[in-house]
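[1] can you look at this prediction? I've put the sequence above it.
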Amino acid sequence: MIGKKIDIIISSEFFKSSAILILGSFFAQVFPFLMQPFLRRIFTPDEFGIAAVYLAILSILTIIASLNYSVTIVLPKSDDEASYLVRGSVLISFAFSIILFLFILLLGHRFIRLMQFSDQLYPWLFLLPLSVFINSSHLILGNWLTRKKAYKKLSINKISRRFSEGGAQLCLGKYFNYSGGLILGSFIGDFTNFITYLFQYKYTSGSFKLQLTNIKNALIKYIHFPKKNLLANLFSAVSLFVPVLMVSSFFHSEVAGQFDLSRQVLSIPLSLISLSVSQVFMQKISELKNSKKSIKIIFNKLFIFLFISAILFILPLFFYGKELFILLFGENWIFAAEITSILVFGYAIKFIVAPLSVSLIVLEELRINSIWQFSYFAAIISLCFFNHLPFKSFILLYLVVDIVFYNCYLFLIIRAIKKYETSI
């Protein structure tokens, strides 16, 4: 029975589209993963910690830079309207980056002191506005390619980014002995990806013409997304990345470096499979919803696939994590292996629930999504009150929060699916 279900999943169009993205993600992840044993021996845990804080701030700001209009691009029936949303989102991101630059210029030093970050982070803040614009554009143009079912192009973009990033980081660290090579290398990868996205957008009939009236009308039509879901997305981004900032602030940037390696290893299945599947799932259920068709079958198929994958993901890291970390990264990173053996269960539930959560966006259950995001955000922020705990006790508490809240999230997603099914 289970074997028959798996055969059906594998033969479906949804699985084939997902496989293209997963294959692209695989090659995009293999190269930087192969680089890690070298990079972890070139750069210190402290340097990795500073880079982790920078990238966490970048990730949070990237999510909100387009005011959440990036997620609307797959929704319109008309490609013209979707293209107006692309251009409007890019303009909003550009304006956001200008405001961010002025903030850093006036208050950058105060921000560093307030958050108790390393002073070595300050010069890199001036790279943030451009990085935010570039990464926000990735989200916007990536959703356009998803809409156009250009999954091979998305895969090419992922690969080009990772190869240029990893190559730049290795060269800057090994041959130029540059301590900031991790951040600058990441920027080089992002910029390469941005250029690739622009060509792919143009190739898939995307327009660069301003047409301000049409852009304005499209933005107004979907204004309920920033109104109802922007805060939810902000809460989600903060909840995902603020633990890195907390660890750096409460303990030390070296501990943050160990914590970041653990997060990177645990995030590989998320970026390799979970998020790739999410893109296809969102596009597919958008089509089904627009046609007033059932989405239950494709939801169940995806859940089974993710659940089995999560089990295969947990076992080796839990039982052989320490040996793997010593082999791959060296003796300096044993503490990261200990962190991984604790956090692996939280990342497994995220792996399952994260791609399914786009159902709430497509079904426009924005209020439910916002309530959950705010509740999870509040729970994560409440960890600030436990900064007196030893580090391992702190991350155990973080794990409990993840498991409880993501199980609740899954319940809300299933309830929304059932509500939609009864309405068609």
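    Thanks, I have it.

[2] and the host helix or strand of Ser186, what does it pack onto?
    Ser186 is part of helix 181-203, with elements assigned from DSSP states H and E. Contact partners of helix 181-203 among helices and strands, from 3 or more C-beta pairs under 8 Å, 6 or more residues apart in numbering; DSSP states H and E: helix 45-65, helix 128-147, helix 151-174. From N, CA and C alone the C-beta is placed, and that goes for glycine too.

[3] which residues does the next helix or strand after that helix contact?
    With elements assigned by DSSP H and E, the helix or strand that comes after helix 181-203 is helix 212-221. Here helix 212-221 makes contact (C-beta atoms under 8 Å, 6 or more residues apart in numbering) with 69, 76, 80-81, 84-85, 87-88, 91.

[4] what do you get for stretch 87-102?
    With C-beta under 8 Å, 6+ apart as the test, stretch 87-102 has contacts from 61, 64-67, 69-70, 73, 126, 128-130, 132-133, 136-137, 140, 207-211, 215-216, 218-219.

[5] roughly how far is that stretch from the heart of the chain?
    Counting by C-alpha atoms, centre = their mean, to the nearest Å, stretch 87-102 is centred 20 Å from the centre of its parent chain.

[6] just say helix, strand or coil for Leu306.
    With DSSP: H, G, I helix; E, B strand; the rest coil as the basis, Leu306 sits in helix.

[7] still on that earlier bit, and the contacts of helix 212-221, which is the shakiest by pLDDT?
    Lowest pLDDT within the contacts of helix 212-221 is found at Pro76 (89).

[8] out of the contacts of stretch 87-102, which end up buried?
    Among these, the ones that count as buried by 16 or more other C-beta atoms under 10 Å are 61, 64-67, 69-70, 73, 128-130, 132-133, 136-137, 140, 215, 218-219.

[9] for stretch 317-335, C-alpha coordinates in PDB please.
    Provided in PDB are the C-alpha atoms of stretch 317-335 (Å, rounded to 0.1, in the frame of the first residue of the first chain):
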ATOM      1  CA  LEU A 317      23.000  13.300  12.500                       C
ATOM      2  CA  PHE A 318      21.800  12.100  15.900                       C
ATOM      3  CA  PHE A 319      23.800   8.900  16.100                       C
ATOM      4  CA  TYR A 320      27.000   9.800  14.200                       C
ATOM      5  CA  GLY A 321      27.000  13.600  14.300                       C
ATOM      6  CA  LYS A 322      30.200  14.000  16.400                       C
ATOM      7  CA  GLU A 323      32.200  11.600  14.100                       C
ATOM      8  CA  LEU A 324      31.000  13.400  11.000                       C
ATOM      9  CA  PHE A 325      31.800  16.900  12.300                       C
ATOM     10  CA  ILE A 326      35.400  15.800  13.300                       C
ATOM     11  CA  LEU A 327      36.000  14.200  10.000                       C
ATOM     12  CA  LEU A 328      34.600  17.100   7.900                       C
ATOM     13  CA  PHE A 329      35.500  20.200   9.900                       C
ATOM     14  CA  GLY A 330      38.200  19.300  12.400                       C
ATOM     15  CA  GLU A 331      38.600  19.100  16.100                       C
ATOM     16  CA  ASN A 332      37.700  22.900  16.600                       C
ATOM     17  CA  TRP A 333      34.100  22.200  15.700                       C
ATOM     18  CA  ILE A 334      33.200  19.300  18.100                       C
ATOM     19  CA  PHE A 335      30.900  21.700  20.100                       C
END
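
[10] can you list the buried residues in it?
    For stretch 317-335, using 16+ other C-beta under 10 Å, the buried residues are 317, 321, 325, 328-329, 332-333, 335.

[11] out of those, which sit inside strands?
    Using DSSP state E, the subset of those located in strands is empty.

[12] low-confidence ranges in the protein?
    For the chain, the stretches flagged by pLDDT under 70 are 1-29, 271-272, 275.

[13] could I get the helices and strands packed on helix 181-203 as CSV with distance to Ser274?
    Output for the helices and strands packed on helix 181-203, formatted as CSV (distance: least, C-beta to C-beta, whole Å):
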stretch, distance to Ser274
helix 45-65, 16
helix 128-147, 15
helix 151-174, 14
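
[14] still on that earlier bit, in the helix holding Ser186, which residues are buried?
    So for helix 181-203, counting by 16+ other C-beta under 10 Å, buried means 181-194, 196-197, 200-201.
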